[in-house]
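1. from the sequence below, what's the structure:
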Amino acid sequence: MKIKPHQLQKKYLDDSLVLSVTGMSNVGKSFWSKRLRELGFTFFSCDDWIEANLAEELVKIGYGGIEDMARWLGQPYDKQYQQTQQAYLEWEEQSLYHVFAHIAENGGNWVIDTTGSMVHLPVISQEKLKANSVVVCLDAGEDMVDQMYEKFLSYPKPVVWADLFEHVKGEKYRDSLRRSYPKLLRYRSQKYREIADVLIPRDRIPFDSSVEEFFELLKENL
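-> Modelled structure (predicted):
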């Protein structure tokens, strides 16, 4: 949603502002989304909603919780991966339709804490996000991309890869993950920037900043 600073302030005062926060894992999406509750925003986590809706299926196979949801998803070379990845993305898409329907019915200021994989959703869902909210990207920058890659080398965790995982015949799967991961990170980083209505560089907003400072920085960068 294209919007100017004074329009954003007016929507906030009118109790009709919807923000969607995007960005890399560990960049601060959930932290700042939750902090916005201090300014009267209703918080909605797509990850939490997906986990709640997958709970029954996970329980059937002895799983439970966010870590087990990652185990359920698996790695891109696992037999079930294409099926679980598609199921996860469908739930992710439904989380957006659910929250926007709820907002339309109830109104108010809302902040949506999106998943890291929202850039892999169909274009129509990404357009729905932009049409119904101001999309805020917490921009990690290249330094954080490098840090995330180093962390991944130590502990490769399950993620949504879409079609960005490349395996060369004869190559160990762990080596394929390591080689493909920087490509995935840079693809996502670029897509977050393209989708965003406003970019906030991660290094401009330390975690010890106030939520008022975060909100002002948001307006300054529109």
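2. most remote residue from the protein's center?
-> residue 170 (33.6 Å; CA atoms, centre = their mean).
3. state the pLDDT value of it.
-> Per-residue confidence (pLDDT) for residue 170: 95.
4. what sits against residue 111?
-> 18-21, 33, 36-37, 41-44 (CB atoms under 8 Å, 6 or more residues apart in numbering). From N, CA and C alone the C-beta is placed, and that goes for glycine too.
5. need the three-state assignment for it.
-> Three-state call for residue 111 (DSSP: H, G, I helix; E, B strand; the rest coil): strand.
6. check the gap between it and residue 11 for me.
-> From residue 111 over to residue 11 the distance is 13 Å, taken as CB to CB, to the nearest Å.
7. ok, residue 188 next?
-> For residue 188, the distance to residue 11 - CB to CB - is 28 Å.
8. any idea what the residue lying closest to residue 28 once chain neighbours are set aside is bridged to?
-> Excluding the flanking residues, the one nearest residue 28 by CB to CB, 6 or more residues apart in numbering is residue 138, at 5.4 Å. Taking DSSP bridges as the rule, residue 138 bridges to residue 23, residue 200.
9. hang on, residue 138 packs against residue 26?
-> No: using CB atoms under 8 Å, residue 138 is not in contact with residue 26; the gap is 10.2 Å.
10. and those two? Which one has more around it.
-> Shown here are residue 138 and residue 26; by other CB atoms under 10 Å, residue 138 has more neighbours (24 against 15).
11. contact partners for the more buried one?
-> 21-24, 27-29, 32, 200, 202, 205.
12. cutoff 6 Å now
-> 23, 27-28, 200, 202 (CB atoms under 6 Å, 6 or more residues apart in numbering).
13. ok, those vs residue 93, which is closest?
-> Closest to residue 93 out of the contacts of residue 138 is residue 23 (19.1 Å), distances taken as CB to CB.
14. run a quick neighbour tally on the closest one.
-> Counted with other CB under 10 Å, the neighbours of residue 23 add up to 26.
15. just residue 69 next, same as before
-> Residues lying near residue 69 (other CB under 10 Å) number 20.
16. mind checking the SS state of it?
-> Classification of residue 69 using three-state DSSP returns helix.
17. if we can go back for a sec, quick one: which of the contacts of residue 111 has the most company?
-> residue 20 (29 neighbours).
18. who does the host helix or strand of that residue touch, helix- and strand-wise?
-> Here residue 20, judged by DSSP states H and E, is contained in strand 18-23. Counting by 3 or more CB pairs under 6 Å, 6 or more residues apart in numbering; DSSP states H and E, the packing neighbours recorded for strand 18-23 are helix 29-35, strand 110-113, strand 134-139.
19. buried set for the helix or strand that the last one is followed by?
-> When you say that, I think you mean strand 134-139. Once strand 134-139 ends, the next helix or strand along the chain (criterion: DSSP H and E) is helix 141-154. Residues of helix 141-154 classed as buried: 144-145, 148, 152 (neighbour count, 16 or more other CB atoms under 10 Å).
20. tabulate the CA atom coordinates of the strand holding residue 20 in CSV.
-> Extracted C-alpha coordinates of strand 18-23, given in CSV (Å, rounded to 0.1, in the frame of the first residue of the first chain):
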residue,chain,number,x,y,z
VAL,A,18,-2.4,-2.3,9.1
LEU,A,19,1.4,-3.1,8.9
SER,A,20,3.0,-6.2,7.6
VAL,A,21,6.5,-6.8,8.8
THR,A,22,8.8,-8.8,6.5
GLY,A,23,12.5,-9.7,6.4
